[in-house]
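Okay, here's the prediction I keep looking at, along with the sequence it came from:
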Amino acid sequence: MHTLNDQEFTLFQRFIFEAAGIVLSTTKKPMVRGRLAKRVQAQRCDSFGDYYDLLQSGRDPIEAQLAVDLLTTNETYFFRETRHFVLLHELLSARRRLGNERASAPLRVWSAASSSGEEVYSIAMVLADRLPDEPWTLIGSDISSRMLERARQGIYAGARASHIPLEYRHRFCLRGIDKYTGSIMVDRVLRERVEFMQINLNRSLPCALGWFDMVFLRNVMIYFNDDTKREVVARILGQLKRGGYLLIGHSESLHGLTDAVETLAPSIYRKK
């Protein structure tokens, strides 16, 4: 297997920063080597440096996207960071008590770094449960086309369902059979209510994205430097309705990044 020297690692640090705004620390060198080694071999490159040259040449944009996919994939699971789903449940219950006549438009929620879909479907289960008779829109986006395809399929190892409340598991998930034995599939009705889009948060957002009542931007800013964080947060807030909620990871903060929000609790913000 090819080795990844320090000079080559620096090239891939630059590659993923330019592509996605992600800053890779030196501790990520083994991760880069492990995730890209098979692609170096598959492309019959003599070194990681040659593989980088291929990505930069523009001759194979599909391979370049695959490299981005491999370097931006993050582990996630259903109902991660429970406090956010408690808040969502409370807000939807309050909205339901007010009645549809008080709701000016259908609720719109955006999972802005949805990875393989667990976060999106966790949100969808709560929306379907608390707003059974009200229209709503849920968009999941990610930079990785490979992760988006996995999310659209909605098939997960059974062990990953352990965080799904039992009632939701019975209502919204199917047990896999035959080759999918041991897996779960999110029910088709729920999958069809979610729209997935490929979006790079480090670039201008699609004009047709629209406005949202709530945005989940969790566990992605930890990979950005401060300048990129400010730019990404500004783009996200540009799509958030006044009074809308922005949820970030528990290890993240908006301190010093924007004065357009008020802090309701750690990792929970509302647009002024």
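Here it is on my side, so go on.

The closest residue to residue 174 other than its chain neighbours: what secondary structure?
Nearest residue to residue 174, sequence neighbours excluded (Cβ to Cβ, 6 or more residues apart in numbering): residue 185, at 4.7 Å. Bear in mind the C-beta positions are built from the backbone N, C-alpha and C, glycine included. Here residue 185 is recorded as strand under DSSP: H, G, I helix; E, B strand; the rest coil.

Adjust the sequence numbering to begin at 40 for everything that follows.
That works, and once the first residue is 40, the last one we named lands at residue 224.

CA atoms only: put stretch 71-80 into PDB for me.
The C-alpha atoms that make up stretch 71-80 are tabulated as PDB, following Å, rounded to 0.1, in the frame of the first residue of the first chain:
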ATOM      1  CA  VAL A  71      -6.900  10.600   4.700                       C
ATOM      2  CA  ARG A  72      -4.500   7.700   3.900                       C
ATOM      3  CA  GLY A  73      -7.100   5.100   4.900                       C
ATOM      4  CA  ARG A  74     -10.000   6.600   3.000                       C
ATOM      5  CA  LEU A  75      -8.100   7.400  -0.200                       C
ATOM      6  CA  ALA A  76      -5.700   4.400  -0.500                       C
ATOM      7  CA  LYS A  77      -8.200   2.200  -2.500                       C
ATOM      8  CA  ARG A  78      -8.900   5.100  -4.900                       C
ATOM      9  CA  VAL A  79      -5.100   5.500  -5.500                       C
ATOM     10  CA  GLN A  80      -4.900   1.800  -6.300                       C
END
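
domains for this structure, by residue range?
For the chain, automatic domain parsing gives the domain ranges 45-111, 121-310.

now those in JSON lines, with mean pLDDT and mean neighbour count?
Below are the domains of the chain laid out as JSON lines (pLDDT from 0 to 100; neighbours: other Cβ atoms under 10 Å):
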{"stretch": "domain 45-111", "mean pLDDT": "93", "mean neighbour count": "16"}
{"stretch": "domain 121-310", "mean pLDDT": "92", "mean neighbour count": "17"}
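
circling back to that earlier point, for beta bridges, what are the partners of the residue nearest to residue 213?
The partner list for residue 224 in beta bridges (DSSP bridges) reads residue 194, residue 213.

That one against residue 193, yeah?
Yes - Residue 224 lies in contact with residue 193 (Cβ atoms under 8 Å); the separation is 5.6 Å.

in terms of contact, does residue 226 touch residue 209 like I think?
No - counting by Cβ under 8 Å, residue 226 does not reach residue 209; the two are 10.5 Å apart.

so who does the nearest residue to residue 65 once chain neighbours are set aside touch?
Excluding its sequence neighbours, the residue lying closest to residue 65 (Cβ to Cβ, 6+ apart) is residue 48, at 7.7 Å. Counting by Cβ atoms under 8 Å, 6 or more residues apart in numbering, residue 48 touches 65, 68, 71.

Tell me the one of the residues you listed nearest residue 120?
residue 71 (27.1 Å; Cβ to Cβ).

Next, the contact list for the closest one, please.
Per Cβ under 8 Å, 6+ apart, neighbours of residue 71: 43, 48, 51, 63, 110.

Among the residues you listed, which one sits closest to residue 217?
Distance to residue 217 across the contacts of residue 71 (Cβ to Cβ) is lowest for residue 110, with 33.8 Å.

Quickly find the element holding that closest one.
Using DSSP states H and E, residue 110 maps to helix 100-111.

which strand is the longest one in the chain?
strand 279-287 (DSSP state E).

I'd like the contacts of residue 48 as JSON lines, with secondary structure and distance to residue 167 appended.
Formatted as JSON lines, the contacts of residue 48 follow (DSSP: H, G, I helix; E, B strand; the rest coil; distance: Cβ to Cβ, whole Å):
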{"residue": "65", "secondary structure": "helix", "distance to residue 167": "44"}
{"residue": "68", "secondary structure": "helix", "distance to residue 167": "43"}
{"residue": "71", "secondary structure": "helix", "distance to residue 167": "39"}
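
So which residues of the stretch 190-311 of the chain form strands?
Remark: strands assigned in the stretch 190-311 of the chain by DSSP state E, counting those that start in this stretch are 194-196, 212-214, 222-225, 233-237, 251-256, 279-287, 300-304, 307-310.
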